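S.K.: Curious how this folds, go ahead:
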Amino acid sequence: MASFIDTHAHLSSARYRSDLDSVLERARAAGVGTIINVGTDERDSAEVVAQSEIFPQVWAAVGVHPHVAAEVSPHFIENLAALAANRRVLAIGETGLDFYRDLSPRHQQEKVFREQLALAAALNKPVIIHSREAHAQTLAVLREMAPPRLGVAHCFSGSLEELNAFLELGFYISIAGPVTYPRSDGLRALLKEIPADRLLLETDAPYLAPQPHRGKRNEPAFVKLTYEQVALTLKMEPAQLAHQVRANAARLFWT
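M.R.: Got it, this is the predicted structure:
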């Protein structure tokens with residue numbers, strides 16, 4: 001069985017509170033050997049680090065999501081830095097800009113984003129970027145202060161121009177469950193423009209479940225369906241794709 005990596009999940013979600021052990025067992029049974037568990041605020045980041053210490057296949061990233069940028073504590077960067085000292089923490093994020101929901105004021109989103117980019121640079125860690133309806137502004141900030149280790153545009157769904165802009169900066173591109181949806185022809189076309197050595201795959205669980213689980217709770221086991229669709233689109237064997245994505249993730253997160 002191929003060994004898949006889910007490069008972005010949220011196992012600290014309350015939606016896993018009653019059956020996380022079973023979720024992880026199903027992931028193992030599906031061949032998912034590694035999961036990067038991504039924090040979205042200070043408390044959540046502490047929880048993903050704690051989970052990474054309990055479950056050997058789980059690693060962590062710590063950060064503040066733009067939705068909650070207005071709610072950070074005065075010492076949030078120091079708190080994230082302390083968490084990031086743990087050897088199980090691979091990256092800073094997810095962080096970025098979300099001008100679709102605008103749940104925090106845009107100026108506050110950018111301030112918190114910039115502070116986390118500075119932290120990633122200081123710690124020599126990659127960043128996990130969230131960008132929704134804000135690619136131009138996100139890219140402008142990254143051109144100014146991208147950290148040395150760069151990072152990944154997670155759950156990418158932008159245009160070809162935006163894709164090329166992230167690639168030109170040196171970022172990796174992560175594709176999630178929507179690539180399996182019947183009407184996602186545009187995303188499948190974009191997939192063919194991503195260099196093989198810059199491609200990552202993820203679930204963003206518990207969100208964005210692939211077909212045929214669309215609309216239900218997503219979980220890391222379902223990343224296999226995304227691999228199968230991407231392999232089909234790229235005319236690759238799933239095992240070959242899994243090997244490529246593992247190599248890409250190792251280069252970004254573990255070297």
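
S.K.: buried sites along stretch 212-226?
M.R.: 213, 218-226 (16 or more other Cβ atoms under 10 Å). For glycine as for every other residue, the C-beta is placed from the backbone atoms N, C-alpha and C.

S.K.: same thing with stretch 90-108?
M.R.: 90-99, 104.

S.K.: Looking at it now, give me its mean pLDDT.
M.R.: Computed over stretch 90-108, the mean pLDDT rounds to 97.

S.K.: ditto for stretch 129-145
M.R.: Mean per-residue pLDDT for stretch 129-145: 97.

S.K.: re the thing from before, what is the nearest of the buried residues of stretch 212-226 to Phe156?
M.R.: Nearest to Phe156 out of the buried residues of stretch 212-226 is Thr226 (Cβ to Cβ; 12.7 Å).

S.K.: could you give the mean pLDDT of whichever helix or strand that closest one is part of?
M.R.: Secondary structure assigned from DSSP states H and E places Thr226 in helix 223-234. Mean pLDDT, computed over helix 223-234, is 98.

S.K.: hey, C-alpha coordinates of that helix in PDB?
M.R.: This file holds the C-alpha atoms of helix 223-234, laid out as PDB (Å, rounded to 0.1, in the frame of the first residue of the first chain):
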ATOM      1  CA  VAL A 223      -6.800  12.100   1.400                       C
ATOM      2  CA  LYS A 224      -6.400   8.800  -0.500                       C
ATOM      3  CA  LEU A 225      -9.300   9.900  -2.800                       C
ATOM      4  CA  THR A 226      -7.500  13.200  -3.600                       C
ATOM      5  CA  TYR A 227      -4.300  11.300  -4.400                       C
ATOM      6  CA  GLU A 228      -6.300   9.000  -6.800                       C
ATOM      7  CA  GLN A 229      -7.900  12.000  -8.600                       C
ATOM      8  CA  VAL A 230      -4.700  13.900  -8.900                       C
ATOM      9  CA  ALA A 231      -2.900  10.800 -10.100                       C
ATOM     10  CA  LEU A 232      -5.600  10.200 -12.700                       C
ATOM     11  CA  THR A 233      -5.500  13.900 -13.800                       C
ATOM     12  CA  LEU A 234      -1.700  13.800 -14.100                       C
END
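
S.K.: quick one: average confidence on whatever helix or strand comes next after it?
M.R.: Using DSSP H and E, the helix or strand that directly follows helix 223-234 along the chain is helix 238-249. Helix 238-249 shows a mean pLDDT of 97.

S.K.: So for helix 238-249, what gets flagged as buried?
M.R.: For helix 238-249, the buried set under the neighbour-count rule, 16+ other Cβ under 10 Å, comprises 238, 241-242, 244-246, 248-249.

S.K.: same for that helix, what does it pack against?
M.R.: With contacts taken as 3 or more Cβ pairs under 8 Å, 6 or more residues apart in numbering; DSSP states H and E, helix 238-249 sits against strand 4-9, strand 32-38, strand 199-201, helix 223-234.
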